[in-house]
Structures are given as structure tokens and as C-alpha cells.
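**Student:** Sequence unavailable; structure follows:
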């Protein structure tokens, strides 16, 4: 339709005649989530020349969809869009395929799929480290206390002593904390390190001051004092003392 943007999902390992309906539905569901604005984004058809799934975006949603895809391209889009991107790429890898999103013959977003460099799993490796997150559960009946930490969408299991657990209990469901300790770390194929076991040896509370407030405080410290410009050495000394 005139005035509508068209976006195409290209998949090189299939044609409309060779892909199963179930697999096509999975790709289309992820494609819809990736584009967002689902009430204004419509299925427009299939084309050959490998497999091309075409979607039509109404004018009212065009800027939002363009911005969403641009953010995903640089890795900082909404969680749902980033998850859909990873899901499409993982499906392509499973299907020994590669793909891309195209608009007006220009490639907007590539999907490496089978061409993706897959790192081998490593570990476990014992190493000191830190975990930042929200304490959501503390419990246990012996000298080793279980602590569950929410980190983003994941929940990690840690252990600690009764003494540290009593202190941590004051932060249950509170602002994020930083756990310091020793973990058994494993690296998954995508390259991220995950603790299989983490023993908490201490923890710190994290500063919840907003970024604008931090800049405001920094400007106040850098601004001229009553006697003119601040002394740089004195300013650095103050920062170290605050830590």
C-alpha cells in the first residue's frame, strides 16, 4: 500500500516450498517481535529467491520501527527486540542458514546464523570475582547458607556463612548489592562467563545516586570555590577519602 514501509526477512536455506509451516511460524513470530508495534505491522507475503518474508508497516509506526531496528543493530535495543534477534539467529544456525533484514534493497540488520563464530565451552574455572544484583532469598539449616541473587533476568545461586547472611538479610529485596567472593565459572558457547557456584566472602552496597545527580555533584566539586579555582590535588584527595 502507498505510504507503507516494507521490511523483508531473507533466509537463504529455504524457499516458500521447502520450509515447514511450523518453522515459518516461529520465524514470523520472532520477526514480529523484532519489529514491534504489532498492531501497525502486517504480514505482506512471501517471495522466492531463497525465502523472503515481507512485512508492511503503517506510517504511524514507521519511525518507531526504524529506531528499534537501529538500536538492535548496535546492541542496545529493548529486551524483547534483542531476544527476538538472538532467537532468529539461533534458529538460522540450527537450520544451517544465514539471513538479513532488508528495506528498499538496503541491508539493515544481518543474521550471521551458520557463519557465526561459535566459541567452545570452557571451564569450570575457580577464580575470585564479583556479582551485582538483588538479593531475593536467603535460607539454610546448617553452617552453609544459600543466597539467591537476581541478575537481570537470571537468578544465581550462591552460598555464604551465617554471619554474612545475617548482614545480607538487611538488604533482602532492597537496592542492588555487590557480592565479593570466589566462584566456579564456566564459559558458554556464546562467550559469556556464568558462575556454577559462588561463595560469598563479603559484600558492598551499591550507590543508587542517579546519573544526573552524580554529574550535578561533580560540577559542584569542580566549580570555583570561595577563593577562586579549586586545588586539583586537594580535589583528588577528597575523592579518595569519599571512597
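**Tutor:** That came through fine. Here the structure is a predicted model, which is why all the values come from computation and not from measurement.

**Student:** Can you spell out which helices and strands pack onto the longest strand seen in the chain?
**Tutor:** Longest strand in the chain, counting residues (DSSP state E): strand 122-139. Using 3 or more CB pairs under 8 Å, 6 or more residues apart in numbering; DSSP states H and E as the contact test, the elements touching strand 122-139 are strand 145-151, strand 154-160, helix 162-168, strand 177-187, strand 193-205. Glycine gets a C-beta too; all of them are placed from N, C-alpha and C.

**Student:** List of residues touching the fourth one?
**Tutor:** In other words, strand 177-187. 119, 121-135, 147, 149, 158, 160, 168, 171, 193-206 (CB atoms under 8 Å, 6 or more residues apart in numbering).

**Student:** Give me the sheet partners of it and which way each runs.
**Tutor:** Strand 177-187 pairs in its sheet with strand 122-139 (antiparallel), strand 193-205 (antiparallel), by DSSP bridges.

**Student:** out of the helices and strands packed on strand 122-139, nearest to residue 10?
**Tutor:** Nearest of the helices and strands packed on strand 122-139 to residue 10, taken as CB to CB: strand 177-187 at 31.6 Å.

**Student:** what's the distance between the closest one and the middle of its chain?
**Tutor:** Between the centre of strand 177-187 and the centre of its chain there are 19 Å (CA atoms, centre = their mean, to the nearest Å).

**Student:** Could you pull out the buried residues of it?
**Tutor:** 177, 179, 181, 183, 185, 187 (16 or more other CB atoms under 10 Å).

**Student:** Would you confirm that residue 92 contacts residue 113?
**Tutor:** Yes: with contact defined as CB atoms under 8 Å, residue 92 counts as touching residue 113 (3.0 Å).

**Student:** residues shared between the contacts of these two?
**Tutor:** 98-99.

**Student:** So which residues make contact with stretch 104-116?
**Tutor:** With contact meaning CB under 8 Å, 6+ apart, stretch 104-116 is reached by 6-7, 69, 72-73, 85, 88-89, 92-93, 95-102.

**Student:** one more time with 6 Å, if that's ok
**Tutor:** 69, 73, 88-89, 92-93, 96-101 (CB atoms under 6 Å, 6 or more residues apart in numbering).
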